Every structure is written in C-alpha cells, then in structure tokens.
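Trainee: Here's my sequence, what's the structure:
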Amino acid sequence: MSVWPTSPAHHRWLDQHSRDLLAFGRRTADPGGGARWLGDDGAPEPERPVSALISSRMTHVYGIGALLGVPGAGRIAAQAMAGLTGRLRDPRHGGWFSAVAADGTPEPGKSCYDHAFVLLAASTGVQAGLPGAADLLTAAQEVFLDRFWDESAGLCADTWDTAFTTLDDYRGINANMHTVEAMLSVASVTGDHAWIARAVRICRFVVSAAEAHQWRIPEHYDAAWQPLPDYHRERPDDPFKPYGATIGHGLEWSRLLLHAASAPRVGESSWLTTAARELFARAVADGWDVDGQPGFVYTTDWTGRPVVRDRMHWVAAEGINAAAALYAYTREPSYAQWYRTWWDYADAYLIDHDRGSWFHQLDASNTPAATVWPGKADLYHAFQATLGARVPLWPMLATAVDEHLA
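Mentor: This next block holds a predicted model:
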C-alpha cells in the first residue's frame, strides 16, 4: 500500500487541489489594492475593510501559485501586494495598518501578527519576482526589527498604538509563532542567517514553556513574559487569543520546530525535534476525536479538558502538515497514517465539494458554522496543506516550491 506523504499519485491529487483552491479565490484581488475577505462562494465581502492579514496571506498564496506556473496567479499576487505598498502602509508613522475601511479610515493600532504576515508576503513576493517586492521586504524587515523584535528577550512585542508611541503590556505566542514562519522564510529567500538565529530564540522560549506545562503551550503573557493562564477565560472562542491551550498551535509549532531544526547553522537540534514529537503527541491526545465526533476541538483547559469544541479548518490543515513534516523527518509509519486520516477527515467534512475551498468552521457535530470564522476568508492554511508533503523541510515554502516544484 502506498504511503500518502510520498505517493506520486497522491501528489498529483494535491497539485490539482492546489489549483482548485487558487481558482476559488481568484476574485480576492481588490481594484484599489489589497485582497478581500471571501464569502462562502468565493465572492468578496464588500462590507469588510481591506486588511493587512488577508492581503498578506493572499500575496503569499498567489505568489506561490505563480511559482507553480498557474496563469493569472502572479497578477492576483501583485494586486494583493499593492495594498501593502499602498493604502495599508502608514506613510506618516511607518508600518502597516491592520485594516482600512472603504472611506480610507485606518483601524487603530499596529500588531506584530499583521507585520509578521507582511514579512512573509514580501519574502514570497521576492521569490516569485513580483515588481516592488524587494523594496517591500527591505521596509518590512526594518520596521519589524525596529518596532517588534525585542533583542533582550529574544521574542517579539505584540501591539503598539498607531503612532508607535505606546506599547501594550500584552505579549502573545500566536504572533511569535507566525514570526518564526516569516523569519525562516526571509532567511530562505535572502540567505541572511541572522533571521534563523532570531527564530530559534523564539522556539527555545516556547519549548521551555510548553515542557513546563505538559506540552500544552501557554499563549498569553504580561510585559515581563510571565504567563497569564486565565486570559480570555470569558471569551474562550476568540479567533486570535482564545483561553487555554490551542490544539492547532501545538500542531503548527511541531512543524515549525522541524523547519528550524533543518535550517543551516542551527547546531545541536535534538531539543527541537524532541519537542516537535511531544507537541504533536499532546495535541493529538487532547484534541483529536475526544468528544464522540471526529475532528480536532479548538481549545482545552490546562488539564486537557475540551473548552471550545468547534472544529476550525486551519487546525486540521496544520495537523496534516505537521504529520507530513514528522514523517519526512522520521519516516515513522504512524505519522503517515495520521496524515492520511486527516486528509480523509478534510474530504468528508471540510472541503466544500459544491462551492469550493474549505469550510472555515464546523460545530461540534461537524456541521458548518460561522460564529468565529464566517465565510471562507482566505486560502492560506488549506493551500499550504497541499504543499507540505511535496517539498523538503528546508528551505521554507516559497523557496522550496521554486526549487523543487517549479
């Protein structure tokens, strides 16, 4: 029986699914620059502002689409990136607004989460040869190092006010997680290994924190990086800062640690690969098929008891890629079996075979829901799930696609 993560036949299916997703999202590009949030049928939702997050993610996705040779993908990537070089960029104070309304009013504040995705988008744009991407990457690196990277802590601050004058006391792991992806991606594109060293420092903190909590990752901290275990207990289903342990982040970190371990000049890396295994095992034990229905619950408390039982599409996508990464690293059959199990789950419940893309949220009975993630905002997680098994752990995705699949 073929092993799915390495099966040529399965890879052909993955390639087709990549292209189906790109076809679904083609209407995301906004004429004024940027990418729009997509509804259930792939149509942009005009009442939503243009956001740096969606624009960055779609620049990244369609930039990779261009590297895959998909006609029109480069044009969509360039139009999405035009939001980052245009109306989403703050000409007065620097950096990027989280979102800009139709009347040009920006959302207040500047977040590390958004700026990490701008870094990712710019690096992919450079790899894909998008005009203006090199200048965007230079600017994004400068802003990120100046405003968000804390050299003394080896971690990133989270949120500033719009003018970069007041830094919020909150510190978060979610933004740092996507920062690791962005830093490793910048290093892959530019060859600047300083970004790898920064990423590894973040990984070391997270591994230490997770190990101290039975491999459940504390997500929320104060300004001194002391954990806040009860943060958002009253808002447990927050889309970016939920209470408790987030199952999908255990899976996502598992994969990112393996990318970091595979990067050049990292040195002794057994602590990274051991932690990748442990985080994966904890996420599966706490999150998968634990309440009588297939699927991953969204969050648990600190004993592993489910808190939010809804199934988010991105968690399954990260599970698929974590299993692919662990199989690539270990060649242990159990990881290949999990990979196959979660693709079967995605096919049965998450992939919308009628209208395209993936349902972004299901309730505890695996019925589509829209309380946290209405519509089908973007392609980032689902699209990356179609690529993880087809490229090596290093370099990072855009560069790996260019070198191995283009």
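Trainee: Return the set of residues that bridge with Trp288.
Mentor: Phe296 (DSSP bridges).
Trainee: List the contacts of it.
Mentor: Going by Cβ atoms under 8 Å, 6 or more residues apart in numbering, Trp288 touches 295-296, 319. C-beta coordinates here come from the backbone N, C-alpha and C atoms, glycine included.
Trainee: now those residues in TSV, with neighbour count and distance to Ser56?
Mentor: Shown next, in TSV, are the contacts of Trp288 (neighbours: other Cβ atoms under 10 Å; distance: Cβ to Cβ, whole Å):
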residue	neighbour count	distance to Ser56
Gly295	27	28
Phe296	28	25
Gly319	31	23
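Trainee: Name the nearest of the residues you listed relative to Trp338.
Mentor: Gly319 (7.2 Å; Cβ to Cβ).
Trainee: one step back: of the contacts of Trp288, which is the nearest to Gln79?
Mentor: The nearest member of those to Gln79, counting by Cβ to Cβ, is Gly319 at 31.7 Å.
Trainee: Which stretches in the stretch 51-200 of the chain count as strands?
Mentor: 99-100, 110-111, 149-150, 155-156, 159-160, 171-172 (DSSP state E, counting those that start in this stretch).
Trainee: Would you reformat those as a markdown table and include distance to Glu142?
Mentor: What follows is the strands of the stretch 51-200 of the chain, written out as a markdown table (distance: least, Cβ to Cβ, whole Å):
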| stretch | distance to Glu142 |
| --- | --- |
| strand 99-100 | 21 |
| strand 110-111 | 14 |
| strand 149-150 | 11 |
| strand 155-156 | 15 |
| strand 159-160 | 15 |
| strand 171-172 | 22 |
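Trainee: returning to what we had before: closest one to Pro8 out of the contacts of Trp288, please.
Mentor: Gly319 (22.9 Å).
Trainee: which residues does that closest one contact?
Mentor: 248, 251, 283-284, 288, 296, 338, 342.
Trainee: Gly375: which of the strands of the stretch 51-200 of the chain is closest?
Mentor: strand 99-100 (15.6 Å).
Trainee: what residues are up against Met396?
Mentor: By Cβ under 8 Å, 6+ apart, the neighbours of Met396 are 181, 184-185, 187-188, 259.
Trainee: closest to Gly388 among those?
Mentor: His259 (10.3 Å).
Trainee: And the helices in the stretch 151-300 of the chain?
Mentor: 173-190, 194-211, 247-262, 270-287 (DSSP state H, counting those that start in this stretch).
Trainee: Could you count how many residues lie near Glu252?
Mentor: 27 (other Cβ atoms under 10 Å).
Trainee: same question, the one 5 residues further on
Mentor: Taking other Cβ under 10 Å as the criterion, the count of residues near Leu257 is 29.
Trainee: just the one 4 residues further on next, same as before
Mentor: Other residues lying near Ala261 total 22 when counted by other Cβ under 10 Å.
Trainee: For it, report the pLDDT, please.
Mentor: Predicted confidence (pLDDT) for Ala261: 98.
Trainee: For it, list the residues it contacts.
Mentor: 269, 272-273, 276, 329, 393.
Trainee: What of Phe144?
Mentor: 115-116, 119 are the contacts of Phe144 under Cβ under 8 Å, 6+ apart.
Trainee: what's the spacing between it and Ser111?
Mentor: 12 Å (Cβ to Cβ, to the nearest Å).
Trainee: now swap in His193 and tell me
Mentor: For His193, the distance to Ser111 - Cβ to Cβ - is 27 Å.
Trainee: With Asp291 instead?
Mentor: 33 Å.
Trainee: neighbour count winner among the two?
Mentor: For Asp291 versus Ser111, neighbours defined as other Cβ under 10 Å are more numerous around Ser111 (24 against 12).
Trainee: So the more buried one sits against Ala175, correct?
Mentor: Yes: Ser111 lies in contact with Ala175 (Cβ atoms under 8 Å); the separation is 6.9 Å.
Trainee: what sits in contact with each of those two?
Mentor: Contact criterion Cβ under 8 Å, 6+ apart; residues shared by Ser111 and Ala175: Asp158.
Trainee: Using a markdown table, lay out the strands of the stretch 51-200 of the chain together with mean pLDDT and distance to Thr371.
Mentor: Below are the strands of the stretch 51-200 of the chain laid out as a markdown table (pLDDT from 0 to 100; distance: least, Cβ to Cβ, whole Å):
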| stretch | mean pLDDT | distance to Thr371 |
| --- | --- | --- |
| strand 99-100 | 98 | 21 |
| strand 110-111 | 98 | 23 |
| strand 149-150 | 98 | 35 |
| strand 155-156 | 98 | 29 |
| strand 159-160 | 98 | 24 |
| strand 171-172 | 98 | 22 |
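Trainee: related to what we said a few turns ago, can I get the contacts of Met396 in JSON lines with distance to Thr162 and neighbour count?
Mentor: Compiled in JSON lines, the contacts of Met396 are given as follows (distance: Cβ to Cβ, whole Å; neighbours: other Cβ atoms under 10 Å):
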{"residue": "Glu181", "distance to Thr162": "25", "neighbour count": "22"}
{"residue": "Leu184", "distance to Thr162": "29", "neighbour count": "28"}
{"residue": "Ser185", "distance to Thr162": "27", "neighbour count": "28"}
{"residue": "Ala187", "distance to Thr162": "30", "neighbour count": "25"}
{"residue": "Ser188", "distance to Thr162": "31", "neighbour count": "26"}
{"residue": "His259", "distance to Thr162": "33", "neighbour count": "26"}
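Trainee: out of those residues, which one sits closest to Thr6?
Mentor: The nearest one, if we look at those relative to Thr6 and count by Cβ to Cβ, is His259, at 18.5 Å.
Trainee: where along the stretch 301-406 of the chain do the helices fall?
Mentor: Using DSSP H, counting those that start in this stretch, helices in the stretch 301-406 of the chain cover 313-330, 333-345, 380-385, 397-404.
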